[in-house]
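Novice: please find the sequence and the predicted model below.
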Amino acid sequence: MSKRMLRVEVRNELSMIPGEEFGKAGRRAAGAIRKLGIWDLFGTVLLFMSMRNEIDTGPLIEAAMQEGKKIFLPRVVDGDVLCGDVSSSEECLRKIWFYGVTAEDFRNVEFWDRGDFGIREPPVGVPLMKRDFPALVFTPGLAFDKEGNRLGHGGGFYDRFFAGIKGWEFRAAGLCLNSQIVESVPVDERDYKMDFVYGF
């Protein structure tokens, strides 16, 4: 199955799931992940703000804050401003970068800007730096397979992010509903493979 066909199929399936199920899955995820050994190994956690029809990451963000972990959330930023008219080059594409978020910031989440796909984005504050690593990076996706392959929404944001931190110490974990784990995800050379996939 092609990426396009799988995206259509998964989106159709997600649209039929009652909204409250995404919240329930998020609460299950927060409880279960905190019991995993991998959770205790990292003081820095990169998470994502959930969009519609996506597992609710709010409970896991709050759990990480309660435990005193450093939390970073993504926002879309422009590519290199020095690119001029060479807007098609990889370096000049819009990207995601992560910014530190405190418990106080998160209490005001309803006032955050909405970016691509209507996702809430954190204020531009303290940016993620190499010194913040090692880190556990929870990654959204439309579908994953048990080999760690990931199907995103097609923008390439996370694949470019992972390419940009190549050589830094981290583990990438796909986070989704159980139903989003499929038999096989089509990939190409630019797709970044997850170290773990957690479905709830």
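Specialist: Thanks, I have the structure now.
Novice: any idea how far R75 lies from M194?
Specialist: According to CB to CB, to the nearest Å, R75 and M194 sit 22 Å apart. For every residue, glycine as well, the C-beta is placed using N, CA and C.
Novice: these two: which has the busier surroundings?
Specialist: Counting neighbours by other CB atoms under 10 Å for R75 and for M194 shows that M194 has the greater number, 23 against 20.
Novice: my guess is the more buried one meets F144, correct?
Specialist: Yes. Counting by CB atoms under 8 Å, M194 does reach F144; the two are 6.6 Å apart.
Novice: what do the two both touch?
Specialist: Common contacts of M194 and F144, defined by CB atoms under 8 Å, 6 or more residues apart in numbering, comprise R150, G174.
Novice: give me the three-state assignment for V197.
Specialist: Assigned by DSSP: H, G, I helix; E, B strand; the rest coil, the conformation of V197 is strand.
Novice: show me where pLDDT drops low in the protein?
Specialist: Low-confidence segments of the chain, defined by pLDDT under 70: 79-92.
Novice: and the residue positioned nearest the centre of the chain, what are its phi and psi?
Specialist: Centroid-nearest residue in the chain, with CA atoms, centre = their mean: T139, separated by 3.1 Å. As for T139, its main-chain torsions (degrees, to the nearest 10) stand at phi -130, psi 130.
Novice: residues in contact with it?
Specialist: For T139, the contact set (CB under 8 Å, 6+ apart) comprises F48, R150, Y158, A172, A173, G174, L175, M194.
Novice: before we move on, what about E67?
Specialist: R34.
Novice: please convert the contacts of T139 to a markdown table, extending it with distance to A25.
Specialist: Converted to a markdown table, those look like this (distance: CB to CB, whole Å):
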| residue | distance to A25 |
| --- | --- |
| F48 | 14 |
| R150 | 18 |
| Y158 | 20 |
| A172 | 20 |
| A173 | 15 |
| G174 | 14 |
| L175 | 10 |
| M194 | 18 |
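Novice: name the nearest of those relative to L60.
Specialist: Closest to L60 out of those is L175 (7.9 Å), distances taken as CB to CB.
Novice: now do the closest one against E104, distance only.
Specialist: Distance from L175 to E104, by CB to CB: 25 Å.
Novice: next one: R52
Specialist: With distances taken as CB to CB, R52 is found 26 Å from E104.
Novice: still on that earlier bit, neighbour count: L175 and E104, which is higher?
Specialist: L175 (28 against 7).
Novice: secondary structure class for that one?
Specialist: Under three-state DSSP, L175 falls in the strand class.
Novice: and for the closest residue to P134 other than its chain neighbours, the neighbour number?
Specialist: Excluding its sequence neighbours, the residue lying closest to P134 (CB to CB, 6 or more residues apart in numbering) is E169, at 3.9 Å. Using other CB under 10 Å, E169 is surrounded by 10 other residues.
Novice: next one: E9
Specialist: If you count neighbours by other CB under 10 Å, E9 ends up with 14.
Novice: the one 4 residues further on too?
Specialist: Under the neighbour criterion other CB under 10 Å, E13 is assigned a count of 15.
Novice: is it in a helix, a strand, or coil?
Specialist: Here E13 is helix, with the state taken from three-state DSSP.
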